[in-house]
Structure formats: structure tokens, C-alpha cells
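Visitor: Below is the structure, and that's it, no one-letter string:
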């Protein structure tokens, strides 16, 4: 089996799977924390941004928006936090849907933090592909 080269087309690979950059933006206004997690997808070329509005630890509002790469580059505050695979992003998205229902009426700070950790690929696994 051919494993793609690490330098192929400037993309990172994890166990032979392509990885995609993940960005985060967190800001607080009027007692609410707005946390945005974004992934850069190539096909179609776009940025998918998951927006959480949290008030007193309770997830008040959650939605997804899609932007072009150019629109995204004009947004302030986003910083690259990791790279992830599409399969990890799918786990994140599915978990997010469950949490958004669960956390409408109770504090879910740790659940949201744990969900973001799903996006980080375990470095130790690289040797165990």
C-alpha cells in the first residue's frame, strides 16, 4: 500500500488520512461567551463554522454557517488550534448535535470542552496506523 508523502501538495496526513486545519475564536460580550470552531474544507472549498452561544455555562444557541475562504480570511480573532481528519470532524459534529439538545437546560461546560478535544489527533497513534 502506498502511503501519501508528507510533503504531497503541502497537506498533512495522519495514518494515511488527509487532515484539515481547525480554527477557534472565543469572545465574550454582555455576559455571553461566543465560541466558534471552524474547519477548512477543500471540496467544495469553504469554511464551516460552528457557533456556540453560552450564557452562565448553558448552551443558549448553536448554529452552523458556511463561508468562502476569502470571507473567512477577513474575520478577526480566529487562530489555528489543530488539524483533524474528516472522520474526527464527523464525530465532533454528531456529538455537538447531542450536546446542543442535552445542554439547553443545564450547565455543560465540561461536555463542550471534551467535544473540542475530539478534534485533536493523538500523536502517539501515529506509530500505530
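Guide: Ah, there it is. Note that the structure is predicted; figures quoted are calculated from it, not measured.

Visitor: name the element residue 66 belongs to?
Guide: Assigned by DSSP states H and E, residue 66 falls within strand 58-67.

Visitor: What are the buried residues along that strand?
Guide: 59, 62 (16 or more other Cβ atoms under 10 Å). (Each C-beta comes from the backbone N, C-alpha and C, glycine too.)

Visitor: What of stretch 83-102?
Guide: 83-85, 88-89, 92, 95-96, 99-100.

Visitor: which residues touch it?
Guide: 12, 14, 17-22, 37, 39, 50, 59, 62, 108, 111-112, 115-116, 118-121 (Cβ atoms under 8 Å, 6 or more residues apart in numbering).

Visitor: Just the buried residues of those.
Guide: Buried among these (16+ other Cβ under 10 Å): 14, 19-20, 22, 37, 39, 50, 59, 62, 108, 111-112, 115-116, 118-119, 121.
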